[in-house]
Structure formats: C-alpha cells, structure tokens
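Colleague: just a sequence and a predicted model for now, questions to come.
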Amino acid sequence: MLDAGQSTRSISATTGVHPSTISRLRSKERSGLQKSTGGRPKKLSPSNIRHAIHLISTQRAENAVQVTKTLSNIINQPLSPSTTCLHLKKAGMKAVVKTKHPLLSARHCKAHLDFAHAHKDWTLDDWKRVVWSDETKINCLGSDGHKWVWKKSGEGLSDRLVEGTAKFGGGSIMIWGCMTWEGVGYAAKIDGRMDSDLYLQILKDELLNSLEHYGLNPPDIIFQQDNDPKHTSKKVKEWLGEQEFRTMVWPAQSPDLNPIEHLWGYLKRRLAEHENPPSGIHELWERVQVDWEEIAASECQKLIESMPRRVQAVLKAKGGYTKY
C-alpha cells in the first residue's frame, strides 16, 4: 500500500493498524518514499498552468476570468478566477494596467523600423544636435489619470482619500515647448485653436529665440516635430525649407521615440507638488512658466542620452511597441 502511494491514514482505515505503527514501518522499510504533502489535491496541473500562460501569451485570453472559463472546461470541474490568479502569480505572471500607446498599423511599424535603421549608428553627439518640440495639455486641477493612496482596512471616506473635482472653474491650457541639450527652450501658451498660422508664428518666435538664447548655430541644428497636420501644412513646410537648420523626417504614431514626452511628465509632476491648486488658468500659466524655466539642463540631457536605447528598443520590437 505504501508502494502504491497510499497515505498513512488510508492504510490505517483499511487495515486497522495504528498510524504510528505504519509510520515506523515506512521509516524502516520504505525510507526513500516521498511523503504526502497533505491537503486537497491541486485542481490545476503544471500542464494546465502552462496552457493558461499560452492562452495569455497568444492573446486568446486577456484576464483571469477568460482563462478560468477555458480551464474549467478542460478539467471538467468548477474553478474560481482567484484560484487561476494564484497559480499564475506562482508561475511568475502578474496583472498590470494596460499601457496606453497610439494604435500601430503595419505601415506605422515599418516607418518606425526604417527610422531606427536610419539612426542606429547615431552617436550621442549626433543626438545632441536635435531640438525636440511638442505640444501638451495641462489641467488646472491635476492629471486626468488615477491618483493612488494607502488606506486602512475598513477606513471610511475622508479628505485624505478623496480627490476633489469641480464642475466649473477647472479647465486646462495647451502649451508648445522645445528642448535642447543645453536646456529647455521658450514655451508658448496656445490661446484658442492651434492652426498652421499660429504654429508658424510660434516657430518664428519661440523656436528661433530658443536657438538664439543658447547661441546655437542653425546649420548645425536638426529640428524635430511630429506629423500633426498643422506641422506639415504647405506654409510651414515652405518656411522650414527656407531655414538654415534641417528638419528631421519623423515617423507617425511614435511618441515613445520623442524624449520631450517624458519632460512633460516631469513638468506635470512638479506642478502637482504645489500645495494648493491654481485659482484659474492665468495662475496655472504663471506656475508653468516658473516651473518650466527651473528645469535643469541635466534633465534634458538625461532624456536625450536615452535616444540610442530607444532606437535599439524599436529595432528589437521590429517597429512595434517599446517600454518608452
């Protein structure tokens, strides 16, 4: 019975021999037998768990509920999502919030890959020549995303646990900014709707003033902008074509390649550190101007230094999504 894998308890129930006697016989005659770990047998076998991971990896299932439904049909018995989660965690999987990225088509992936191949041999000195630009929205009452807070079990709602919202008096501003190796350039507040005329005026004012402020030689400069229609309008293209600096050919749907995207995040975190929210749009813009100008050149340099790694990440992903 021991050789057949029966437990001490089941052998005792069948033979009437006391469990302690069976344990002594096991130790003396079958010392090499593996002892039972006890408890209920596991519902999911290692092959079931491997199949669950395969379902997730091949995008045939996204969450534990979907995986549980499939596994339950395979093992032909009830199974709870919590059990599936436990086994997936033990296998090294973890649940995370989906990262938001622009949707990439095959055309976008090819453009990303072409850009990465064209710039894979660029050195840091090459990337130092680029002036990065972009627009962003800044909310008067903070980020549109979630804010996390720790709470005790059973703790009720309090000011500490609530993020206040306002039906009126919130609002946001749109700003344009640029970044160089020497530091941030001039920022512009966009009043009303941004069109090609306003964008062209920003380039003539804030961009050229930024180059002059840092004493940058235009023929040595490469200007980066995304493919927003107002950036690629006929009048903007004509003006850029007349300039001494070169404009970089930029792939569509690629914010992960633009390091200034992370500079916006840094700015918004600094704005969130203010003790009280701004009283209105004008105060928000005043804070933006102060916090923007106080960004150290080292922050810009740290982001620009990541460009070789970003290019390699695009190559590794074959033009697809990267961690950036």
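Modeller: Ah, there it is.

Colleague: buried sites along stretch 178-195?
Modeller: Residues of stretch 178-195 classed as buried: Cys178, Met179, Thr180, Trp181, Glu182, Gly183, Val184, Gly185, Tyr186, Ala187, Ala188, Met194 (neighbour count, 16 or more other C-beta atoms under 10 Å). C-beta: built from backbone N, CA, C; applies to glycine.

Colleague: mind pulling up the pLDDT for the residue lying closest to the last one once chain neighbours are set aside?
Modeller: Computed as C-beta to C-beta, 6 or more residues apart in numbering, the closest residue to Met194 that is not its neighbour in sequence is Lys230, at 6.0 Å. The predicted local confidence for Lys230 comes out at a pLDDT of 93.

Colleague: any idea how many residues pack against Lys230?
Modeller: 17 (other C-beta atoms under 10 Å).

Colleague: check the secondary structure at it for me.
Modeller: Applying DSSP: H, G, I helix; E, B strand; the rest coil to Lys230 yields a three-state assignment of coil.

Colleague: show me what contacts it?
Modeller: Going by C-beta atoms under 8 Å, 6 or more residues apart in numbering, Lys230 touches Met194, Asp195, Ser196, Leu198, Tyr199, Val236.

Colleague: next, format the buried residues of stretch 178-195 as JSON lines and append pLDDT and secondary structure.
Modeller: Converted to JSON lines, these look like this (pLDDT from 0 to 100; DSSP: H, G, I helix; E, B strand; the rest coil):
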{"residue": "Cys178", "pLDDT": "97", "secondary structure": "strand"}
{"residue": "Met179", "pLDDT": "97", "secondary structure": "strand"}
{"residue": "Thr180", "pLDDT": "97", "secondary structure": "strand"}
{"residue": "Trp181", "pLDDT": "97", "secondary structure": "coil"}
{"residue": "Glu182", "pLDDT": "97", "secondary structure": "coil"}
{"residue": "Gly183", "pLDDT": "97", "secondary structure": "strand"}
{"residue": "Val184", "pLDDT": "97", "secondary structure": "strand"}
{"residue": "Gly185", "pLDDT": "97", "secondary structure": "coil"}
{"residue": "Tyr186", "pLDDT": "96", "secondary structure": "coil"}
{"residue": "Ala187", "pLDDT": "96", "secondary structure": "coil"}
{"residue": "Ala188", "pLDDT": "96", "secondary structure": "strand"}
{"residue": "Met194", "pLDDT": "90", "secondary structure": "coil"}
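
Colleague: just to revisit the earlier point, and the contacts of Lys230, which is closest to Ala111?
Modeller: Closest approach between the contacts of Lys230 and Ala111, by C-beta to C-beta: Val236, at 20.2 Å.

Colleague: after the helix or strand hosting the closest one comes which helix or strand?
Modeller: Element membership for Val236 (DSSP states H and E) is helix 234-242. Beyond helix 234-242 in the direction of the C-terminus, DSSP H and E gives the next helix or strand as strand 246-247.
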